[in-house]
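A.B. asks: Return atomic coordinates for the entry below.
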Amino acid sequence: MKTRILVVEDEEKLRRVLELHFQSSGYEVDLAGSAEEALALSDRAHVVLTDLKLPGASGQELLLSLQRQNPSLPVIVMTAFGTVETAVEAMKNGAYDFVLKPFSLDHLRRVIEKALEVSTLREENRKLKEELGQRYEFDNLVGSSRAMQEIFAVVARVAPTRATVLLCGESGVGKDMIARAIHHHSPRRDRPFVKINCTAIPENLLESELFGYEKGAFTGAHTNKPGKFEQADSGTVFLDEIGDVPPSIQVKLLRVLQEREFERLGGNRTLKIDVRVIAATNVDLREALEQGTFREDLYYRLNVVPINIPPLRERKEDIPALARHFLRKHAADLGSAVEEISEQAMAKLMDYHWPGNVRELENVIERSLVLCSRTKLEAGDIRLDTVPRSKAAVSSSFLPEGMSLEEYEQSLIREALRRSGGNKSQAARLLGLTRNALRYRLSQMGLEQDKDSAEKD
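C.D. replies: This is a model prediction of the structure:
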């Protein structure tokens, strides 16, 4: 569809000149000799070019009416009686630009092109914000089970506040989506949302990543650098895997939560910030409290509003809705013709135990869509991940012969360190432990100060 310009000009000769010029440039043109005629034609215009001096209602009055009717419609005003005051008034009333007669037709065309370009960008930006908003609507946090409905109710109540939230649940249950939904439905929705994966950042870099550093704080610090908390000022910080934060950083986090202040690494200037904190963990922090690897005061500061997200195997009634949601989500992106899931395929999904939770279900649906060439997913299209059980699990004896429980645990830890090349974070993941819990066990074994492991970690 061609772009349509509405020209509002009471002088017939100029109207005709403008019509011919814009038509020769590839535009559709509507003509109006008054504000009343223009309002009747404005609903199909992409841009309006109007004189300020018109019979009956003035160009300024037309501008105000057009703004009430369609605020996103760009309006360019032209007049031979231009003054600074007139221009300012027109711009205040919503005009995109202002040109004085006599004007160059080429210049006017460039102004029109620029107005259309800006209008297109604004519309794309509006649609993008709308899509992002829909992505985190509660309707898109899929779950009809009683447990999930209770979670959505808590999210709705806590989102408008600045209360600290602690999300607890296994990996893959959707803690990230819930954190983003809380932010999106808060008064901070237009401010930054900064996610920090505490496990992904090496321990020796964690302080500088969170709180920034001053020039000269360490070798290579050639300039000042703000940290994640400064970047999130007036917005939300999402601390994922909070249970893996080392004690030295826990002290600083406690101060941020209590006082809303901190210092950069290598600096002595106290910085004040306004952030809302959402934390998440896939381990039981109360066990970490008992082991002494997590500060009790920090735990209670984080645990203001706890939200426990159950694993998918405990709310299997959510699987059909989730599976259909992921089908719709990925079918369009992948160009898949699949429109539905058969009863047999759904039964197969319902029978699986889902160790990877909702994230695994999404991956399975996406994989199935890629491999299926029909319009319906059948049971044979559902490719589930099957992890073979270890020899120890299928052994008839409870513990390896001649081994005590303590010795067996130590052998597992040594094997995990061997497989991870001495990297404690990776070894902890293999064992299903937090990094701090593994450290505690290594200290009991006398291996915490092992140089090779420490260097590789």
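A.B. asks: Can you spell out the domain ranges of this protein, please?
C.D. replies: Recorded structural domains for the chain (assignment: automatic domain parsing) are 4-131, 138-310, 313-381, 401-456.
A.B. asks: Reformat the ones you listed as JSON lines; add mean pLDDT and mean neighbour count.
C.D. replies: From N, CA and C alone the C-beta is placed, and that goes for glycine too. Below are those laid out as JSON lines (pLDDT from 0 to 100; neighbours: other C-beta atoms under 10 Å):
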{"stretch": "domain 4-131", "mean pLDDT": "86", "mean neighbour count": "16"}
{"stretch": "domain 138-310", "mean pLDDT": "89", "mean neighbour count": "17"}
{"stretch": "domain 313-381", "mean pLDDT": "90", "mean neighbour count": "16"}
{"stretch": "domain 401-456", "mean pLDDT": "74", "mean neighbour count": "15"}
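A.B. asks: could you dump stretch 326-334 to CSV, C-alpha only?
C.D. replies: Extracted C-alpha coordinates of stretch 326-334, given in CSV (Å, rounded to 0.1, in the frame of the first residue of the first chain):
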residue,chain,number,x,y,z
PHE,A,326,5.4,-23.9,23.6
LEU,A,327,4.0,-25.3,20.4
ARG,A,328,2.4,-22.0,19.5
LYS,A,329,5.5,-20.1,20.5
HIS,A,330,8.0,-22.1,18.5
ALA,A,331,5.9,-23.2,15.5
ALA,A,332,5.8,-19.7,14.0
ASP,A,333,9.5,-19.1,14.7
LEU,A,334,10.5,-22.4,13.1
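A.B. asks: Report the distance from that stretch to the chain centre.
C.D. replies: Relative to its chain's centre, stretch 326-334 lies at 19 Å (C-alpha atoms, centre = their mean, to the nearest Å).
A.B. asks: Look at stretch 188-203 and report the distance between its end residues.
C.D. replies: End-to-end distance for stretch 188-203, by C-alpha to C-alpha, to the nearest Å: 30 Å.
A.B. asks: Angles on the backbone of the residue positioned nearest the centre of the chain, please.
C.D. replies: Among the residues of the chain, residue 180 comes closest to the average C-alpha position under C-alpha atoms, centre = their mean, at 6.0 Å. Dihedral pair for residue 180: phi -70, psi -40, per degrees, to the nearest 10.
A.B. asks: What residues does residue 199 make contact with?
C.D. replies: 240, 241, 244, 425, 435 (C-beta atoms under 8 Å, 6 or more residues apart in numbering).
A.B. asks: which SS state does residue 268 fall under?
C.D. replies: What DSSP: H, G, I helix; E, B strand; the rest coil gives for residue 268 is coil.
A.B. asks: roughly how far apart are it and residue 11?
C.D. replies: 71 Å (C-beta to C-beta, to the nearest Å).
A.B. asks: can you dump the C-alpha coordinates of the helix or strand containing residue 98 into CSV?
C.D. replies: In the assignment (DSSP states H and E), residue 98 maps to strand 97-100. This file holds the C-alpha atoms of strand 97-100, laid out as CSV (Å, rounded to 0.1, in the frame of the first residue of the first chain):
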residue,chain,number,x,y,z
ASP,A,97,7.9,20.2,11.9
PHE,A,98,7.3,23.7,10.6
VAL,A,99,8.1,25.2,7.2
LEU,A,100,7.8,28.8,5.9
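A.B. asks: Hmm, the residue nearest to the centre of the chain is touching residue 189, no?
C.D. replies: No: taking C-beta atoms under 8 Å as the definition, residue 180 is not a contact partner of residue 189, at 10.2 Å.
A.B. asks: which ones are touching residue 50?
C.D. replies: 6-9, 35, 38, 59, 62-63, 75-78.
A.B. asks: Which stretches in the stretch 151-300 of the chain count as helices?
C.D. replies: 175-184, 203-211, 228-231, 247-259, 285-291, 296-302 (DSSP state H, counting those that start in this stretch).
A.B. asks: Would you mind pulling the contact partners of the fifth one?
C.D. replies: Which is helix 285-291. Taking C-beta under 8 Å, 6+ apart as the rule, helix 285-291 contacts 168, 242, 243, 294, 296, 299, 303, 434, 436, 437, 440.
A.B. asks: Show me which pair in these is furthest apart.
C.D. replies: For the contacts of helix 285-291, the farthest-apart pair by C-beta to C-beta is 303 and 440; their separation is 21.3 Å.
A.B. asks: so which of the contacts of residue 50 comes closest to residue 102?
C.D. replies: Comparing the contacts of residue 50 against residue 102 with C-beta to C-beta picks out residue 78 as the nearest, at 9.9 Å.
A.B. asks: Next, the contact list for the closest residue to the closest one other than its chain neighbours, please.
C.D. replies: Counting by C-beta to C-beta, 6 or more residues apart in numbering, the nearest residue to residue 78 once its immediate chain neighbours are dropped is residue 99, at 4.7 Å. With contact taken as C-beta under 8 Å, 6+ apart, residue 99 is in contact with 76, 77, 78, 107, 108, 111.
A.B. asks: Quick one: the strands in the protein, in order.
C.D. replies: In the chain, the strands defined using DSSP state E lie at 4-8, 28-32, 47-51, 75-79, 97-100, 165-168, 193-197, 236-240, 261-263, 270-272, 276-281, 305-308, 340-341, 376-377.
A.B. asks: Turn the ones you listed into CSV, columns for distance to residue 414.
C.D. replies: Shown next, in CSV, are the strands of the chain (distance: least, C-beta to C-beta, whole Å):
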stretch, distance to residue 414
strand 4-8, 75
strand 28-32, 77
strand 47-51, 72
strand 75-79, 75
strand 97-100, 73
strand 165-168, 30
strand 193-197, 27
strand 236-240, 29
strand 261-263, 39
strand 270-272, 44
strand 276-281, 27
strand 305-308, 34
strand 340-341, 45
strand 376-377, 44
